[in-house]
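J.: my questions concern the predicted model and sequence given below.
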Amino acid sequence: MSLALPVRARSSAALVLAGVLWGTGGLAGSLLGALAGLHPLAVAAWRLLIGGGVACLFVKSRPRGRAAIRRLLAVGGLFALFQASYFAAVALSSVSVATMTTIGAAPVVVTVARWRRPGRWTLVSLAGTLAGLVLLRWSPDTTASLGGLAFALLAAAGFATLTLLTAKPVEGLDPLSTTAFGCLLGGLLLTPLASWSGMALPLHPDVLAVALYLGVVPTALAYAAYLRGLADAHPVLGALSAVLEPLTAAILSAVLLGERLAGTAWCGAAVLVAALAVGYWRPEPR
């Protein structure tokens, strides 16, 4: 027990760090798009390319073996699928609908895919997460289309598959190398699509600084922390941790941009924190 608690604490801290860092990515991505005049899909491609390229500088050894290569190909494809599907959902519906559906559906998909009855506290945490997301992101003016919901669910399935896949270790691959080569491959797969809208990045100090931050902090560092946390945590808890992204983004928007959150949004934030606390307090056994 004395050894299990520190391991659980480290994995939980890594998952929390990943969720918080992801939350800064939305603001950084929006800023990069505005400064450089880039389409969101181009921003996503640069995010993966820069994040993967920088992370590769710190990888000590190249992955070897068929299992490692297959894993990296799958991770790269899932990165590209998740990013492309999410931005398609945003284009066809709204940021609120895309975020609520993608992040809310991902832990549900993970729970169902494991073919094992979840514990009582996991269900409580899951229900609280869904309710908190609706309160945080929903507004009366929100509109949704079937196409937008379909792409959001596809993005959720991609993220859930990534979570389930990377929860199983492969010899010769650590979280950093998986993040580095997976992001790089995902960015390369997105490049042909993103090129249609233009990917030229102005060589201005502010643009390059934002692009570097977006690639390194909420991408390379965040995904490396997420994969590290998944090594010792239940996949459902990992998927639930992703709700820290919209929570962090909402708080940062209120603090840095002066956006006023409605009372229901603050209630949703409180429900999300409580739901995650339940998930970390009563984690599902692996």
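T.: That came through, no problem. Residues are numbered from 1 along each chain as shown.

J.: from now on I want contacts and neighbour counts done on CA atoms only, so please keep to that.
T.: Will do.

J.: show me the shaky parts of the stretch 101-250 of the chain.
T.: 114-116, 118, 136-144 (pLDDT under 70).

J.: can we see that at 50?
T.: Applying pLDDT under 50 to the stretch 101-250 of the chain flags no residue at all.

J.: any residues touching stretch 59-66, and which ones?
T.: If you take Cα atoms under 8 Å, 6 or more residues apart in numbering as the criterion, stretch 59-66 is touched by 69, 172-173, 176-177, 180.

J.: highest neighbour count among those?
T.: Most neighbours among the contacts of stretch 59-66, by other Cα atoms under 10 Å: residue 180, with 29 neighbours.

J.: need the single longest helix in this protein, by residues.
T.: Residue-count comparison of every helix in the chain, with assignments taken from DSSP state H, identifies helix 4-36 as the longest.

J.: counting contacts, what elements does that one pack onto?
T.: Under the contact definition 3 or more Cα pairs under 8 Å, 6 or more residues apart in numbering; DSSP states H and E, helix 4-36 sits against helix 40-56, helix 205-215, helix 222-230, helix 235-241, helix 244-256.

J.: please work out which of those is packed deepest.
T.: The highest mean neighbour count among these belongs to helix 235-241 (a mean of 28), with neighbours defined as mean count of other Cα atoms under 10 Å.

J.: ok so, going back, name the nearest of the contacts of stretch 59-66 relative to residue 91.
T.: Ranking those by separation from residue 91, with Cα to Cα as the measure, puts residue 180 on top at 28.2 Å.

J.: pretty sure residue 235 sits against residue 165.
T.: No - under the criterion of Cα atoms under 8 Å, residue 235 makes no contact with residue 165, lying 9.3 Å away.

J.: list the buried residues of stretch 105-123.
T.: Of all the residues in stretch 105-123, those buried under the rule 16 or more other Cα atoms under 10 Å are 105-111, 121-123.

J.: still on that earlier bit, for the helices and strands packed on helix 4-36, which one sits closest to residue 158?
T.: Smallest distance to residue 158 across those (Cα to Cα): 11.5 Å, for helix 235-241.

J.: report the mean per-residue pLDDT for the helix or strand residue 86 falls within.
T.: Using DSSP states H and E, residue 86 sits within helix 66-92. When pLDDT is averaged over helix 66-92, the result is 91.

J.: now the angle between helix 40-56 and it, please.
T.: 150 degrees (axes from the mean of the first three to the mean of the last three Cα atoms, to 10 degrees).

J.: how far is helix 66-92 from where the chain is centred?
T.: Distance of helix 66-92 from its chain centroid, counting by Cα atoms, centre = their mean, to the nearest Å, is 12 Å.

J.: ditto for stretch 256-274
T.: Centre to centre, stretch against its chain (Cα atoms, centre = their mean), the figure for stretch 256-274 is 20 Å.
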